[in-house]
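[1] A predicted structure for the sequence below; I have some questions about it.
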Amino acid sequence: MSNLRLKLSKITTKKVPVLALVVVATLGMVAGVLAANLQVAQTTNTGEIGTYHTSTGTMTIADNGLGVVANTAAASSTGTFPTSGNNVNVNNALTAGHWFEEITFTDTLTDGSAHTATVTLRNGAGAAGTLLVTATFTLTGPGASSTGTITAYVDTGATSLTSPITVYVSIT
C-alpha cells in the first residue's frame, strides 16, 4: 500500500499530470471516431428551370422564386396598384407547409383598367411537366403614374416538388 502511495505522490509532482494526459487522449480518440464516421453528401437541386412571361405591355413581371407558406390564409385575388412605392399582396388560398411561388408586378401605364394575370405552375420532366396550379388575379391600374407594386403568392398545393419547376405568367 505504501508503494502505491509513493507512486501517486510522484505522479502529482510531475509537470504534466497523468490525468490531464488521459483526458486529452480520450478527447482525441472521440474526435477521431466522430471524424471517421461523418459523411458529407452533396445534393444538386435544379430548382426553377425558367419563367415565361407574356404581357400586353401594361406591366413588368419579376419572379422572386419559391418559398414555404408559414401561415394559412384565404384567397385574395384582386388588387389595385398603389400610387406610391407601397406594395399590395394577392394570393390564392394559402396552406401552411405548402410551397409557393412569389411574383411581383409593376404597372407601366397610368390606366385605371382591370387586367387579368394568370400564373400557371408546372413541375417535373417532359415537354410541359405536370400541372400544379393555375391562379388568376385581377390587377387594376392606379389611374395615374405609379411606383407601387403588387406581389402575388401562388400556393402550389404541394408539400413536395419535383424539379424542375416552370412558371408561366400571362397578362391580358
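    On my side now, so go ahead.
[2] Report the helix or strand with the lowest average pLDDT across this structure.
    strand 48-54 (a mean of 57; mean pLDDT, DSSP states H and E).
[3] What segments of this protein are helices?
    2-12, 18-37 (DSSP state H).
[4] residue ranges with poor pLDDT in this structure?
    1-2, 4-24, 30-57 (pLDDT under 70).
[5] Determine which residue lies closest to the centroid of it.
    When Cα atoms, centre = their mean is applied to the chain, the residue found nearest the centroid is residue 67 (3.5 Å).
[6] need the contact list for it.
    99-100, 102 (Cβ atoms under 8 Å, 6 or more residues apart in numbering). Any C-beta I mention is one placed from the backbone N, CA and C, and that applies to glycine too.
[7] PyMOL command to pick out the buried ones of those?
    Listed next is the PyMOL selection for buried residues among those, using 16 or more other Cβ atoms under 10 Å:
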select buried, resi 99+100+102
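[8] Select from the contacts of residue 67 every entry located in strands.
    99-100, 102 (DSSP state E).
[9] wait, residue 135 sits on residue 100?
    No - contact criterion Cβ atoms under 8 Å: residue 135 and residue 100 do not qualify, at 10.2 Å.
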